[in-house]
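>>> Return atomic coordinates for the entry below.
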Amino acid sequence: MKEENLNHGELTGQTKPIVYVIQEIPGTQAGTPKINILSASKYGSFKFLLPEFSQIIFSPGPLIFKLRKGLENYRQTDYLLLTGDPAIIGVACSIAGEITNGKYNLLKWDKQERQYYPISINLHEKGEVNE
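A predicted model of the protein is given here:
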């Protein structure tokens, strides 16, 4: 019997990358989001992890649990769209790095060009600094 090479997408039926939007955009609940992230959809399908008013204050445990659950299928080919509370962004990046052994992708907004650029992160990179 011939052994076939299957990738994660073929096994899960998921071939298009996912753009994990860390928090809903401010104004979403009111129906008037303050920024338009639709151009990031060219990098994958959106998956929103947390509501717009989520915050880490005194008890981060439940929020971290929710982020872990939302990112449990994160793959190196997926992207994080860094929206919302900086503390929550830090936790989400930590979780993604933990899942993928330090390798994950971000989408960074360029104000001048008015578009998103993909950035690949490798926390364990050795040697030359790539700029």
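>>> Could I get the buried residue list for stretch 16-26?
By neighbour count with 16 or more other Cβ atoms under 10 Å, stretch 16-26 contains the buried residues P17, I18, V19, Y20, V21, I22, Q23, E24, I25. Where C-beta positions appear, they are placed from N, C-alpha and C, glycine not excepted.
>>> which one of those residues sits closest to L80?
Y20 (5.3 Å; Cβ to Cβ).
>>> where do the strands sit along the protein?
Using DSSP state E, the strands of the chain run over 18-23, 45-50, 79-81, 103-110, 115-122.
>>> Quick one: mean pLDDT over stretch 91-101.
For stretch 91-101, mean pLDDT rounds to 96.
>>> now the longest helix along the chain and strand 45-50, what's the angle there?
Counting by DSSP state H, the longest helix found in the chain is helix 86-99. Computed with axes from the mean of the first three to the mean of the last three Cα atoms, to 10 degrees, the direction of helix 86-99 lies at 120 degrees from that of strand 45-50.
>>> Buried residues, helix 86-99. List them.
Quick answer for helix 86-99 (16+ other Cβ under 10 Å): I88, I89, V91, A92, C93, I95, A96, G97, I99.
>>> Residues touching it, excluding its own?
20, 22-23, 49-50, 54-56, 60, 63-64, 67-68, 71-72, 74, 80, 82-83, 103-104, 106, 121, 123 (Cβ atoms under 8 Å, 6 or more residues apart in numbering).
>>> Work out the gap between that helix and the centre of the chain.
9 Å (Cα atoms, centre = their mean, to the nearest Å).
>>> Same check on stretch 85-102?
On Cα atoms, centre = their mean, the centre of stretch 85-102 falls 9 Å from that of its chain.
>>> Please export the alpha-carbon coordinates of that stretch; PDB is fine.
Provided in PDB are the C-alpha atoms of stretch 85-102 (Å, rounded to 0.1, in the frame of the first residue of the first chain):
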ATOM      1  CA  ASP A  85      -5.400  45.300  24.800                       C
ATOM      2  CA  PRO A  86      -1.500  45.000  24.600                       C
ATOM      3  CA  ALA A  87      -1.400  42.600  27.600                       C
ATOM      4  CA  ILE A  88      -3.900  40.300  25.800                       C
ATOM      5  CA  ILE A  89      -1.800  40.600  22.600                       C
ATOM      6  CA  GLY A  90       1.300  39.500  24.600                       C
ATOM      7  CA  VAL A  91      -0.500  36.500  26.000                       C
ATOM      8  CA  ALA A  92      -1.800  35.500  22.600                       C
ATOM      9  CA  CYS A  93       1.600  35.700  21.000                       C
ATOM     10  CA  SER A  94       3.000  33.600  23.900                       C
ATOM     11  CA  ILE A  95       0.400  30.900  23.400                       C
ATOM     12  CA  ALA A  96       0.900  30.800  19.600                       C
ATOM     13  CA  GLY A  97       4.700  30.500  20.100                       C
ATOM     14  CA  GLU A  98       4.200  27.800  22.600                       C
ATOM     15  CA  ILE A  99       2.000  25.800  20.200                       C
ATOM     16  CA  THR A 100       4.400  26.200  17.200                       C
ATOM     17  CA  ASN A 101       7.700  26.000  19.000                       C
ATOM     18  CA  GLY A 102       8.300  29.700  18.700                       C
END
